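> Sequence and computational prediction follow.
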Amino acid sequence: MRLTLPYLIFFVWFSIFSCSSSVSNPLNGKHLRVIWPSWSGNPKVLLGPLKGGVLLDYLSARFNFTHEMVPVEGGLEPTVGRGQLNYLIDNQCDLLINNIIPTVSRNKNVDLTIPWTYDNFAILIPVPDETANINAVIKPFQWPIWLGLGVSILCVIIALNTIQQFLDQPSKKETNAIELGDDKMVQAKTTNYYIYVYGLLLSQGGPCESKRLSIRLVAGVWTLATFTFVQAYSSILFTYVVAPVNRPLINSIYDIFDNSDINLFVRVRTIDLLIQKNDTTAIYREIAKRLDSKSNSRCAYISECIQKVTPGSSNIFMEASSFAKDAIKVEFNKTGKCNLQFATEGFATIVSTFALPKQSPYTKTINQGLLELQQSGIIDFWELWFRPMPPQCNGKPPNGNTAPKKNSSLSFKNLTGAFIVLLVGLSLSSLAFLFEKIISIREHRLGRSRNKVRFAGTK
């Protein structure tokens, strides 16, 4: 009896454990029919999670079941033809491994698992080309400041000339040797004031020859004002000169609402589902209006949308970041160039689930396996494993906070504005020189003709 009791306890415990394990694992020894769009037997145009194969292998090993692939021809919910969800509804499939966005209508027809991955909609934009930084010279100041500066120049010149003419009114001849009162000296002083005002503004300086207190007060005020203007302009100008000459088309989804030239493209049954779920949100309504404004803004496949996002165009494409990374990699492998990149900010976090037939006895067990995978963190590791992005084309926008590997010199496109100003100045000076030369030749000829007449009169 003493030996029989321990064996009896062990037998009862083993029986209970065996019963509980078989009850907790309804998949034990079962054979499932599985749909995985990325399976090699399906058309390559179908999109599915790349790591769906290892997920299925883990679940089958964890819960001891076998499986077979069900070939499909259509997408999840195609507008025409039979979709993948129809196989579940018709009980021709036991498990659908796909990136299924949970909706109320889908939950009524099939069993949705817990979210197995979290993603967001990324915005693919063409990599911007380098553009000439023409406006760098005028960018430091806004137009009201430039307008105020021009008015100030006119006011100072008018004030100096008015004061000079008023002070020279009583007498045409000044006792001061510096300030002569004849007309030629008054004209020379006026010219000197023009040179003085512009010279200070261009940091060239210049003496104020007048000894009059009122003129010196105006000159002193202008000196302080030009010092402030020049220092502010010079300090801000450097920022615009070294600014990147390849500015991105947009930085976030909100930028498209301010620019009607930008064309937004999406894949059918993706962002549209979020719009239907959030039709009361202002930004979703704006996106819907932008999409509805053009008939070809929705594509059946990612490849169709990617073909429209070309360098130099104003087309952008919104897609889940995982599929967008695949598109960047495919484009890079095809062309050898990095023609696509992400906008700085993504949009709308999304979750993806698997699906089983309605009231499936395996739903709870599949949820348990997905929770274990999420707890281990291996799903994120598989993402890096299956989507290795080329380092020179990882889709991330340039980050200004990261230090460059080597010091980059300024290119001609950074200083295009300065060279344009120099070209305009040289052109004006050449025209002025030609004009003065023509006048001098004319005066020289008139002088020679006068001398001939005068010489003939003396005879």
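It's in.
> Could you use CA atoms for every contact and neighbour count after this?
Fine.
> S352 is in what secondary structure piece?
strand 347-357 (DSSP states H and E).
> other SSEs contacting the helix or strand that that strand is followed by?
Once the chain leaves strand 347-357, the next helix or strand it forms, by DSSP H and E, is helix 363-376. Secondary-structure packing of helix 363-376 (3 or more C-alpha pairs under 8 Å, 6 or more residues apart in numbering; DSSP states H and E): helix 52-63.
> Show me which positions of the helix or strand just after the helix it packs on end up buried.
Next helix or strand after helix 52-63 toward the C-terminus (DSSP H and E): strand 66-69. Neighbour-count burial for strand 66-69, counted by 16 or more other C-alpha atoms under 10 Å, picks out 66, 69.
> Show me which residues of the strand holding S352 are buried.
347, 350-357.
> Which pair of these spans the longest distance?
F347 and P357 (31.3 Å; C-alpha to C-alpha).
> Pop out the phi and psi values for F317.
phi -130, psi 130 (degrees, to the nearest 10).
> So which residues of the stretch 351-459 of the chain form strands?
In order along the chain, the stretch 351-459 of the chain carries no strands (DSSP state E, counting those that start in this stretch).
> where are the low-confidence patches of it?
Applying pLDDT under 70 to the stretch 351-459 of the chain flags residues 397-415, 417-418, 421-422, 425-426, 429, 451-459.
> where do the helices sit along it?
Using DSSP state H, counting those that start in this stretch, the helices of the stretch 351-459 of the chain run over 363-376, 378-386, 416-458.
> out of those helices, deepest packed?
Highest mean neighbour count among the helices of the stretch 351-459 of the chain (mean count of other C-alpha atoms under 10 Å): helix 363-376, with a mean of 16.
> Now tell me what touches that helix from outside.
24-27, 59, 62, 111-114, 116, 356, 379 (C-alpha atoms under 8 Å, 6 or more residues apart in numbering).
> Show me which of these is closest to I316.
Looking across the contacts of helix 363-376 and measuring by C-alpha to C-alpha, the closest to I316 is W116, at 28.1 Å.
> wait, what's in contact with the closest residue to that closest one other than its chain neighbours?
Nearest residue to W116, sequence neighbours excluded (C-alpha to C-alpha, 6 or more residues apart in numbering): T353, at 5.6 Å. By C-alpha under 8 Å, 6+ apart, the residues touching T353 are 98-102, 112-117.
> Separate out the buried members of those.
Buried among the contacts of T353 (16+ other C-alpha under 10 Å): 98-102, 112-116.
> Can you pick out the ones from those residues that are in strands?
98-100, 112 (DSSP state E).
> okay if I get the residues you listed as JSON lines plus pLDDT and distance to L340?
Output for those, formatted as JSON lines (pLDDT from 0 to 100; distance: C-alpha to C-alpha, whole Å):
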{"residue": "N98", "pLDDT": "93", "distance to L340": "25"}
{"residue": "N99", "pLDDT": "89", "distance to L340": "23"}
{"residue": "I100", "pLDDT": "91", "distance to L340": "26"}
{"residue": "L112", "pLDDT": "95", "distance to L340": "34"}
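> about what we covered before: can you dump the C-alpha coordinates of the strand holding S352 into PDB?
Provided in PDB are the C-alpha atoms of strand 347-357 (Å, rounded to 0.1, in the frame of the first residue of the first chain):
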ATOM      1  CA  PHE A 347       0.900  59.500 -40.300                       C
ATOM      2  CA  ALA A 348      -1.700  57.400 -38.500                       C
ATOM      3  CA  THR A 349      -0.500  54.400 -36.500                       C
ATOM      4  CA  ILE A 350      -2.100  51.200 -37.700                       C
ATOM      5  CA  VAL A 351      -2.300  47.700 -36.300                       C
ATOM      6  CA  SER A 352      -2.500  44.400 -38.300                       C
ATOM      7  CA  THR A 353      -4.200  41.200 -37.300                       C
ATOM      8  CA  PHE A 354      -4.600  37.600 -38.600                       C
ATOM      9  CA  ALA A 355      -8.000  36.200 -39.400                       C
ATOM     10  CA  LEU A 356      -9.800  32.900 -38.800                       C
ATOM     11  CA  PRO A 357     -13.300  31.700 -39.700                       C
END
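> what inclination does that strand have with respect to helix 363-376?
Here strand 347-357 points in a direction 140 degrees away from that of helix 363-376 (axes from the mean of the first three to the mean of the last three C-alpha atoms, to 10 degrees).
> which of the residues in stretch 39-55 are buried?
Burial within stretch 39-55, assessed by neighbour count using 16+ other C-alpha under 10 Å, is assigned to 39, 42, 46-52, 55.
> Which of those sits closest to N394?
L50 (17.9 Å).
> What strand or helix carries that closest one?
Judged by DSSP H and E, L50 forms part of no helix or strand.
> What separation do you get for it and N259?
36 Å (C-alpha to C-alpha, to the nearest Å).
> ok, now Q307?
22 Å.
> same deal with P71?
With distances taken as C-alpha to C-alpha, P71 is found 44 Å from N259.
> Looking at these two now, which is surrounded by more residues?
Legend: neighbour count by other C-alpha atoms under 10 Å for P71 and N259, higher for P71 (16 against 11).
> For the more buried one, which residues are in contact?
Here P71 is in contact with 35, 41-42 (C-alpha under 8 Å, 6+ apart).
> Understood, closing this out.
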